[in-house]
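*Asks:* Predicted model and sequence below, questions to follow.
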Amino acid sequence: MSLVFPHTFVPWFRSVAPYIHAHRGKTFVVGIAGELIAAGKLNTFVQDLALIHAMGIKVVLVHGFRPQVEEQLAAKGVVSRFSHGMRITDAAALDAAQEAAGQLRYEIEAAFSQGLPNTPMAGSQIRVISGNFVTARPVGIVDGVDFQHTGLVRKIDGLGVRRSLEAGALVLLSPFGFSPTGEAFNLSMEDLATSAAISLQADKLIFITEVRGVPLDPTADPSDDEREIDQELALAEARRLLQSLPDPKQPTDTAFYLQHAVKAAEHGVERVHILPFQVDGGLLMEVFTHDGVGTMIVDEKLESLREATADDIGGILQLIEPFERDGTLVKRDRTEIERDIDHYTVIEHDGVIFGCAALHPYPETRTGEMAALTVSDAVQGQGDGERILKRIEQRARSMGLDSLFVLTTRTMHWFLKRGFQQVDADWLPDARKRHYNWDRRSQVLVKKL
């Protein structure tokens with residue numbers, strides 16, 4: 001029987017507490033290579049994932065199945081065919097992939113159903129939901145090669161996945177997608193996990209793979225377990241490195257996971273991690289310690305997300321003026337913004353304000369209004385609005401507020417997709433209701449924090 005010594009346990013537990021607080025309520029997309037399962041590490045990995053889930057983190061799990069498909073094809077005497085780093089999925093390969101996916105889904109669900117006393121899974125009761133969340137399209141013919149049933153992600157049902165996550169379930173995605181005509185397509189875990197993270201605007205995308213991360217020397221032998229790993233890469237550095245590397249042919253190539261990490265970071269995923277499944281507890285170390293065990297790719301644009309100062313008043317006025325002119329926003333004069341400047345959060349790039357929002361608290365009713373959420377047309381679709389919303393939510397929680405509300409006439413659906421619900425204007429705090437413009441008939445949307 002092992003002993004827990006308070007003089008070591010208590011300081012350690014206190015050291016991870018800030019990460020527990022920071023990650024609660026966040027969404028992680030975790031992609032696991034099929035090699036992890038083939039190596040017999042599924043049960044211990046699931047136990048670690050259950051701990052993360054128990055700490056209030058919303059988890060989407062995407063599994064790969066390369067070695068399992070190879071095993072199925074070998075049993076049938078079929079030789080695999082690859083081109084451009086992708087499997088050519090003929091009818092035999094499609095059957096093998098479907099069999100492998102079905103078996104792995106069964107094994108993963110069984111692992112999450114463990115509940116033996118005196119194990120990390122005791123009392124976990126994690127509900128796993130999977131379904132037809134993924135719409136796919138065929139790769140088609142590339143350089144004269146017909147990839148047949150090999151596909152790429154066309155769309156993720158983000159709303160359906162979010163509803164399952166909000167209900168407390170873990171969402172499991174298998175690397176299959178279906179076309180609107182009902183055809184099945186074999187997908188790669190990496191493409192699916194990346195697309196899911198972008199669709200959900202996940203806080204983290206984590207690849208748990210057969211590689212240790214991005215090496216400091218990308219020309220080093222990939223089989224060398226002693227080569228040094230770059231613990232953190234800014235997006236700009238990762239992009240430059242990727243451009244200098246040859247196209248990847250296999251998962252151990254440096255560019256293989258890096259290309260997906262760069263794509264996710266460019267489309268609004270704040271942190272992307274590449275770490276090895278061989279390290280026991282690697283997922284927990286990556287999430288709850290400062291240095292982690294793999295490589296983290298960081299979107300350096302995050303450094304420009306900050307609270308506003310008096311120097312930003314001119315930039316905020318210039319940003320919101322077109323939206324006031326077309327009626328999207330209620331007009332605010334300079335005096336009002338100067339008075340409330342400490343309520344504003346801004347996104348700045350090279351000295352230019354590209355996005356902003358204000359948080360006006362109503363502490364007597366433990367709620368707050370998010371107002372003037374604006375993102376410049378020049379950067380629409382890059383996730384800046386989502387990042388500002390998350391920052392405002394963080395500020396509201398730190399003030400002890402239980403909910404956040406917005407008034408809008410044109411962007412209701414954007415907020416509904418992000419967890420807001422419509423309520424009657426009578427719901428508003430009395431202090432805000434006195435200033436409600438009944439002629440404008442703005443819709444009131446509320447999100448519980």
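*Replies:* Nice, I can see it. Numbering: from 1, shown residues only.

*Asks:* distance of residue 312 from residue 343?
*Replies:* 12 Å (Cβ to Cβ, to the nearest Å). The C-beta positions use only the backbone N, C-alpha and C, and glycine is treated the same way.

*Asks:* what's the answer for residue 323, then?
*Replies:* Residue 323 sits 18 Å away from residue 343, going by Cβ to Cβ.

*Asks:* for residue 279, same thing?
*Replies:* Counting by Cβ to Cβ - residue 279 and residue 343 are separated by 44 Å.

*Asks:* domain parsing for the protein?
*Replies:* Domain assignment for the chain, taken from automatic domain parsing, gives 6-298, 303-448.

*Asks:* which one of these has the most crowded surroundings?
*Replies:* Highest mean neighbour count of the domains of the chain: domain 6-298, a mean of 18 (counted as mean count of other Cβ atoms under 10 Å).

*Asks:* related to what we said a few turns ago, can you list the domains of the chain in TSV and add mean pLDDT?
*Replies:* What follows is the domains of the chain, written out as TSV (pLDDT from 0 to 100):
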stretch	mean pLDDT
domain 6-298	89
domain 303-448	89
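
*Asks:* Next secondary structure element downstream of the helix or strand containing residue 106?
*Replies:* Taking DSSP states H and E as the definition, residue 106 sits inside helix 91-112. Counting by DSSP H and E, the element after helix 91-112 in chain order, helix or strand, is strand 128-129.

*Asks:* Tell me the strands beside that next one, with direction?
*Replies:* Using DSSP bridges, strand 128-129 pairs in its sheet with strand 170-173 (parallel).

*Asks:* Which residues outside the partner strand are in contact with it?
*Replies:* Applying Cβ atoms under 8 Å, 6 or more residues apart in numbering, the contact partners of strand 170-173 are 49, 53, 59-63, 105, 108-109, 112, 126-130, 133-134, 161, 164-165, 192-193, 196.

*Asks:* Could you do stretch 361-381 as well?
*Replies:* 316, 319-320, 322-323, 329, 332, 344, 347, 349, 354-360, 384-385, 388-389, 392, 396, 399-407, 429, 431-432, 446.

*Asks:* Next, the closest residue to residue 386 other than its chain neighbours: phi, psi?
*Replies:* Computed as Cβ to Cβ, 6 or more residues apart in numbering, the closest residue to residue 386 that is not its neighbour in sequence is residue 201, at 4.5 Å. Backbone torsions of residue 201, given as degrees, to the nearest 10, read phi 50, psi 50.

*Asks:* From residue 440, how far out is residue 201?
*Replies:* Computed as Cβ to Cβ, the residue 201 to residue 440 distance reads 29 Å.

*Asks:* For the residue lying closest to residue 188 once chain neighbours are set aside, give me its contacts.
*Replies:* In space, and not counting its chain neighbours, residue 188 is closest to residue 175: 6.3 Å by Cβ to Cβ, 6+ apart. Shown in contact with residue 175 (Cβ under 8 Å, 6+ apart): 62, 63, 64, 65, 97, 101, 186, 187, 188, 189, 192.

*Asks:* Quick check: which element contains the closest residue to residue 315 other than its chain neighbours?
*Replies:* Spatial nearest neighbour of residue 315, chain neighbours left out: residue 353 (3.4 Å); criterion: Cβ to Cβ, 6+ apart. If you go by DSSP H and E, residue 353 is part of strand 352-362.

*Asks:* Could you do residue 50 as well?
*Replies:* helix 42-54.

*Asks:* Which secondary structure elements does the very next helix or strand once past that helix sit against?
*Replies:* Downstream of helix 42-54, the first helix or strand assigned by DSSP H and E is strand 58-63. Strand 58-63 sits against strand 27-32, helix 42-54, helix 91-112, helix 158-166, strand 170-173, helix 189-200, with contacts defined as 3 or more Cβ pairs under 8 Å, 6 or more residues apart in numbering; DSSP states H and E.

*Asks:* Next up, the contacts around the nearest residue to residue 80 once chain neighbours are set aside.
*Replies:* Using Cβ to Cβ, 6+ apart and skipping residues adjacent in sequence, the residue nearest residue 80 is residue 73, 5.7 Å away. Counting by Cβ under 8 Å, 6+ apart, residue 73 touches 79, 80, 92, 93, 96.

*Asks:* Likewise for residue 161?
*Replies:* Neighbour list for residue 161: 60, 133, 171, 196, 199, 200 [criterion: Cβ under 8 Å, 6+ apart].

*Asks:* Residue 268 now?
*Replies:* Applying Cβ under 8 Å, 6+ apart, the residues near residue 268 are 198, 201, 299, 382, 383, 384, 386, 387.

*Asks:* Tell me the secondary structure at it.
*Replies:* Using DSSP: H, G, I helix; E, B strand; the rest coil, the structure places residue 268 in coil.

*Asks:* ok, it to residue 317 distance?
*Replies:* Computed as Cβ to Cβ, the residue 268 to residue 317 distance reads 26 Å.

*Asks:* Would you map the helices across the stretch 301-449 of the chain?
*Replies:* 313-325, 334-339, 384-398, 412-416, 430-433 (DSSP state H, counting those that start in this stretch).
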